[in-house]
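K.L.:
Can you look at this prediction? I've put the sequence above it.
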Amino acid sequence: MSLVVSDHSIKLDIARSEDDLRQILDLQKLNLKSEISDEIKKEHGFLTVCHSFEELALMYQSTPQIVARKEGKIIAFALAMLPDLGKLVSDLQPMFSIIENLTWNSKSLSDCKYYVMGQICVDVNFRGQKVFDQLYQKHKEVYSPDYELCVTEISTSNTRSQRAHERVGFKTIHTHLDHVDEWNVVVWEF
């Protein structure tokens with residue numbers, strides 16, 4: 001089932017092919033912290049991790065990857081990772097180690113059924129149209145039958161992303177510094 005956002009030609013779906021994965025990687029590259037100006041980072045946010053095709057294919061094989069399409073082209077994505085893929089991306093290993101030692105509502109996260117939001121991105125031409133919120137609603141539709149929480153981390157300097165995640169319902173439960181950046185670990189309870 002596809003959800004429709006305010007622009008009725010934008011459809012929420014899951015990635016279905018290798019071409020979809022390539023489109024995700026193309027959009028990812030356009031929004032990487034290393035590829036955009038400081039002004040763009042501050043105004044629009046940024047992505048930190050650059051996935052390889054092989055990494056993305058493993059994520060795709062293990063769990064649905066949510067996308068938004070307009071006229072068949074992917075204009076946004078919200079990638080998910082299961083905890084057992086925590087060693088897949090070296091820059092994400094510290095996050096997975098920290099998550100295992102955190103608590104939510106007096107319960108260890110390691111005792112909760114959770115998945116990790118690996119990355120979320122909306123093409124610059126479609127921002128401000130509630131696509132971000134709809135990506136997360138699609139996540140809730142797809143993942144809530146099997147999981148109780150979605151966990152991710154956000155660079156403390158990515159204030160646009162932090163505000164957007166709070167708007168959806170994420171709560172910050174921990175802040176830490178690693179070899180890449182300073183991060184807020186956030187949790188969304190279904």
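P.N.:
Looks like it came in fine. Bear in mind that the values here come from a model prediction, so they are computed numbers and not experimental data.
K.L.:
so where do the helices sit in this protein?
P.N.:
18-30, 38-44, 53-62, 93-99, 131-143, 159-168 (DSSP state H).
K.L.:
Give me the contacts around the second one.
P.N.:
When contacts are taken as C-beta atoms under 8 Å, 6 or more residues apart in numbering, the neighbours of helix 38-44 outside the stretch itself are 31, 33, 36, 46, 124, 127, 157-160. (Glycine included, C-beta is placed from N, CA and C.)
K.L.:
Please indicate which of those residues are buried?
P.N.:
When the contacts of helix 38-44 are checked for burial by 16 or more other C-beta atoms under 10 Å, the buried set is 31, 33, 36, 46, 127, 158, 160.
K.L.:
Turn the residues you listed into JSON lines, columns for distance to V187 and pLDDT.
P.N.:
What follows is the buried ones among the contacts of helix 38-44, written out as JSON lines (distance: C-beta to C-beta, whole Å; pLDDT from 0 to 100):
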{"residue": "N31", "distance to V187": "24", "pLDDT": "96"}
{"residue": "K33", "distance to V187": "23", "pLDDT": "93"}
{"residue": "I36", "distance to V187": "28", "pLDDT": "95"}
{"residue": "F46", "distance to V187": "22", "pLDDT": "93"}
{"residue": "R127", "distance to V187": "24", "pLDDT": "94"}
{"residue": "N158", "distance to V187": "17", "pLDDT": "95"}
{"residue": "R160", "distance to V187": "19", "pLDDT": "93"}
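K.L.:
Columns distance to Y115 on top of those residues, output as JSON lines?
P.N.:
Listed next are the buried ones among the contacts of helix 38-44 as JSON lines, based on distance: C-beta to C-beta, whole Å:
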{"residue": "N31", "distance to Y115": "22"}
{"residue": "K33", "distance to Y115": "24"}
{"residue": "I36", "distance to Y115": "28"}
{"residue": "F46", "distance to Y115": "23"}
{"residue": "R127", "distance to Y115": "25"}
{"residue": "N158", "distance to Y115": "21"}
{"residue": "R160", "distance to Y115": "23"}
